[in-house]
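*Asks:* next input, structure requested:
(chains A and B)
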Number of protein chains: 2
Amino acid sequence: MSPSIVNVSLGDRAYPIHIGAGVMRDDAWTGQLKGRSAVIVSSPNVAAHYLAQIQSQVTVAAMKVLTVSIADGEAYKSGASLNLIYDTLLENECDRKTVLIALGGGVIGDLTGFAAATYQRGIDFIQIPTTLLAMVDSSVGGKTAINHPRGKNMIGAFHQPVAVLADIDTLATLPDREYRSGLAEVMKYGFIYDAPFLVWLEQNIAKLVARDVDAVIHAVRRSCEIKAEIVVADEREQGIRAWLNLGHTFGHAIETGLGYGKWLHGEAVATGMVMAGQLSAKLGHITQNDVARIQALVEQAGLPTQPPALGAQRYLDLMRIDKKADGGKIRYVILKKLGEAALDAVPDDIVRPLVTI
Amino acid sequence: MSPSIVNVSLGDRAYPIHIGAGVMRDDAWTGQLKGRSAVIVSSPNVAAHYLAQIQSQVTVAAMKVLTVSIADGEAYKSGASLNLIYDTLLENECDRKTVLIALGGGVIGDLTGFAAATYQRGIDFIQIPTTLLAMVDSSVGGKTAINHPRGKNMIGAFHQPVAVLADIDTLATLPDREYRSGLAEVMKYGFIYDAPFLVWLEQNIAKLVARDVDAVIHAVRRSCEIKAEIVVADEREQGIRAWLNLGHTFGHAIETGLGYGKWLHGEAVATGMVMAGQLSAKLGHITQNDVARIQALVEQAGLPTQPPALGAQRYLDLMRIDKKADGGKIRYVILKKLGEAALDAVPDDIVRPLVTI
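*Replies:* Okay, here's the model as predicted:
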């Protein structure tokens, strides 16, 4: 399958996502670096595989090329890492025309994007996501952030990249558990927005798990298209964009309740989506058969469907402090039907049986 | 003169600037704080005069009121001060509906604005400027920033306030040298954009120096209107917004050359505008009589017109590292006539005699 482009149509902040096997090796994207400085931000795991390649391409095009290495892991999506990028930029007298290149997963993308959002009041950045999750989630929508000791993503900005290169080849080096975790976000797009895509996923889940290149390209492209449509409709998350949080309220409770890192984000979201499906059925929106389809797809992706036993009250407490809580009731993303979501404030009494494990 | 409003028409980021004597005491502005947390950021000098007043008004309206005190001075427009604001917000579980209130001069406004730009990817902030410079310059345009040890305003964002209260009464406590320094930016608007306003300034400069309330209100309103027009035409500083830097290339060289704080910003800009006038005359755009008018107005405001003797080469070197340098030639804001500016890259040989002091 030849590479394809998804355009994120955000007016004067519009940008293309190039999707395909080997797109990062196609030198076309480096043209925009001519006469400018480029700073590549990466982490050791990713750099070992791809930094030399990117560096040699960028060196041909850019006026000056620098690299910054950030240690792997969520703990390094921090103010200290941000300062490391600022210091590199300033020590090397990088001006406003400098381009930051984020080569890595979500941590590198969010951190580098936030550095780009704030250096000299905003400079360009190019995102080269190397995980499935980063390709289908953080590469669309311009959310950038760092963590604060008191909370994840507490400091951040909306800042769109000038281009995204989703090179499917980079997924070859991704550990299996991380890859499957990314599939949770892919199927989310089917559940909340696109019933035909959900059917396609049901038919092709075995190929996806086997990382069949054509299937992966299609899944990434359709995911990016859907997220782009939603973000264009609601860039600042006032309405429909909240649908993207399907399974996330339950999922965040699982992640926090177990301690971060025990379950991967996608694993917690996968189980959370099954729970959101059960809640939607309880509210009379979807059938038990629909719930079974959600559960089956999650299972076939090798993702967990059974929530950990944290205790019902603990679940409710954790979900209440989640930022989507609104007054007394907690607001959940629920499914009106397969392929359409909604926000609904649901009384605890209805949710309690679902989290009584 | 009754209070007046200048609207900064930036689409969905439009906001009003309330200008007048006592506007901060009019409770209308606190209505938008209902049901929300408010965090007032101020510095000891300003807080001594106005914090109790603002705090009591905000307490009636807001759900929760917190204050943060940042020490006076440019040195505190820093990452450490920014973290102090973040910590207060997070320790008190402030959500996205929280409103930051910047009560003070340019340092407090820029710092608080940047905290608002980046807390949870952007929250509302209200600006209550208490210096003339902050009223006519930093309250319009949404430039927020902190300094980095390697450069002023190196870390920042564009983030518009939801409202500005320019209360002329607060100028009563402003030291004379700071007040006069603010007048430099006021007259700049006449030089670059509005010949009739320049005539008005020439006729009313004595009243302005004496802080006549009606004259000050008119000067602040016309300055805000002009800056708003320019910013609306060019929010991201791609073109006409650069005119606002009249006198600033020379001025920054003076500030840096003498060591920061020796001359106030407005003093350096005042002299810089005289130099930019002389350069414009040398390039054949304006007459020696025009230069004399610029010089006379600056003098009547009690501002310096004679640049300090740094040596010609030092001036040129300092101006070249200023961020507006472009290739070999340095780009200056020059006057095409009184009331209209332009950007022009001028060879060093033409500038040298002006800085040979």
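
*Asks:* how close does A:Val269 sit to A:Asn153?
*Replies:* Computed with CB to CB, to the nearest Å, the distance linking A:Val269 and A:Asn153 is 15 Å. C-beta coordinates here come from the backbone N, C-alpha and C atoms, glycine included.

*Asks:* more neighbours, these two?
*Replies:* A:Val269 (30 against 17; other CB atoms under 10 Å in any protein chain shown).

*Asks:* residue contacts, the residue nearest to A:Ile330 when sequence neighbours are not counted?
*Replies:* Once its chain neighbours are removed from consideration, A:Ile330 has its nearest residue in A:Met319; the separation is 5.1 Å (CB to CB, 6 or more residues apart in numbering or on different chains). For A:Met319, the set of contacting residues under the criterion of CB atoms under 8 Å, 6 or more residues apart in numbering or on different chains consists of A:Thr249, A:Phe250, A:His252, A:Ala253, A:Ala325, A:Ile330.

*Asks:* ok, 6 Å please
*Replies:* Taking CB atoms under 6 Å, 6 or more residues apart in numbering or on different chains as the definition of contact, the neighbours of A:Met319 are A:Thr249, A:Ala253, A:Ile330.

*Asks:* I'd like the average pLDDT over stretch A:248-259.
*Replies:* Stretch A:248-259 comes out with an average pLDDT of 92.

*Asks:* thinking in terms of the whole chain, how far from its middle is it?
*Replies:* In terms of CA atoms, centre = their mean, to the nearest Å, the centre of stretch A:248-259 is set 17 Å apart from its chain centre.

*Asks:* give me the secondary structure label for the residue nearest to A:Ile330.
*Replies:* When states are read from DSSP: H, G, I helix; E, B strand; the rest coil, the local structure at A:Met319 comes out as helix.

*Asks:* what helix or strand is the nearest residue to A:Gln306 once chain neighbours are set aside on?
*Replies:* Closest residue to A:Gln306 in three dimensions, ignoring its sequence neighbours and counting by CB to CB, 6+ apart: A:Thr271, at 6.8 Å. A:Thr271 belongs to helix A:265-282 when elements are defined using DSSP states H and E.

*Asks:* name the residues that touch the helix or strand just after that helix?
*Replies:* Remark: after helix A:265-282, the chain's next helix or strand is helix A:288-300, criterion DSSP H and E. Contact with helix A:288-300 is made by A:Met187, A:Glu202, A:Ile205, A:Ala270, A:Val274, A:Gly277, A:Gln278, A:Ala281, A:Thr305, A:Leu338, as judged by CB under 6 Å, 6+ apart.

*Asks:* stretch A:270-281 too?
*Replies:* Outside stretch A:270-281, the residues within contact range by CB under 6 Å, 6+ apart are A:184, A:246-247, A:250-251, A:286, A:288, A:291, A:294-295, A:298, A:303-305, A:307, A:334-335, A:354.

*Asks:* how far out from the middle of the chain is that stretch?
*Replies:* Distance of stretch A:270-281 from its chain centroid, counting by CA atoms, centre = their mean, is 20 Å.

*Asks:* before we move on, what about stretch A:295-314?
*Replies:* Using CA atoms, centre = their mean, the distance between the centre of stretch A:295-314 and that of its chain works out at 20 Å.

*Asks:* pull out the buried positions in it.
*Replies:* Going by neighbour count (16 or more other CB atoms under 10 Å in any protein chain shown), the buried part of stretch A:295-314 is A:Gln295, A:Leu297, A:Val298, A:Gln300, A:Ala301, A:Gly302, A:Leu303, A:Pro304, A:Pro307, A:Leu310, A:Ala312.

*Asks:* okay, A:Phe197: pLDDT?
*Replies:* Among the per-residue scores, A:Phe197 holds a pLDDT of 98.

*Asks:* scratch that, A:Ile17 is what I was asking about
*Replies:* Residue-level confidence at A:Ile17 comes out at 96, pLDDT.

*Asks:* now A:Asp27
*Replies:* We note a pLDDT of 88 for A:Asp27 in this prediction.

*Asks:* which residues does it contact?
*Replies:* Residues touching A:Asp27, when contacts are defined by CB under 6 Å, 6+ apart, comprise A:Gln57.

*Asks:* cool, A:His285 as well?
*Replies:* With the criterion set at CB under 6 Å, 6+ apart, A:His285 makes contact with A:Lys336.
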